[in-house]
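Q: Could you look at this predicted model? Sequence included:
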Amino acid sequence: MTDLPIVCTLSAEGLRARKQGLLAQVARRATGMTKIPAGYRLEFDAGSDTLSLVATMIDAERQCCRFLQFELSVGPDLVPLTLTLTGPEGTQQFLEALLDEA
C-alpha cells in the first residue's frame, strides 16, 4: 500500500459538521478506546444500530480521509464490536485531534 498524505478533503465547515454529527455519535458509543501503534482501537456494544452507525462512519471517512485503514471485527455471540483505525506515521496524532474534538 502506498502511503497517502494525512489529509482530510472536507472543507473546514464540512469537517466541523462531521465532528459535531457523525463522529460525535460514534465517539459517544465507544465503550473503550486504546492507542495502538499507528492508530486507535475502539470497542462498541454489539447492537445492530451501533454496527450500522459505525459502518456509516467508515464509509464517510474513507472518502475524505483516504489514508485511513479500517478494520471492523464482528465476533460471534454478540461480543463487542472492535474498530481498528490505522495509517501512515502521524495517523495516531490526526485521530487524537479528530476524536478529542468530536
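A: Perfect, thanks for sending it.
Q: Okay, the residue in the chain sticking out farthest from the centre and Thr50: tell me how far apart.
A: Largest separation from the mean C-alpha position in the chain: Asp77, at 23.6 Å (C-alpha atoms, centre = their mean). From Asp77 across to Thr50, the span is 16 Å (C-beta to C-beta, to the nearest Å). Just so you know, the C-beta spots here come from the backbone N, C-alpha and C atoms, and that holds for glycine as well.
Q: Same check on Phe94?
A: Plainly put, Phe94 is 24 Å away from Thr50 if you go by C-beta to C-beta.
Q: hang on, Asp3 packs against Phe67?
A: Yes. Here Asp3 reaches Phe67: they are 7.4 Å apart, a contact under C-beta atoms under 8 Å.
Q: What is the burial count for Phe67?
A: Residues within reach of Phe67, counting by other C-beta atoms under 10 Å, total 19.
Q: okay, which residue is most central for the protein?
A: Leu85 (5.8 Å).
Q: if I pick that residue, what's in contact with it?
A: Shown in contact with Leu85 (C-beta atoms under 8 Å, 6 or more residues apart in numbering): Gly39, Tyr40, Arg41, Leu42, Leu68, Gln69, Phe70, Thr91, Leu95.
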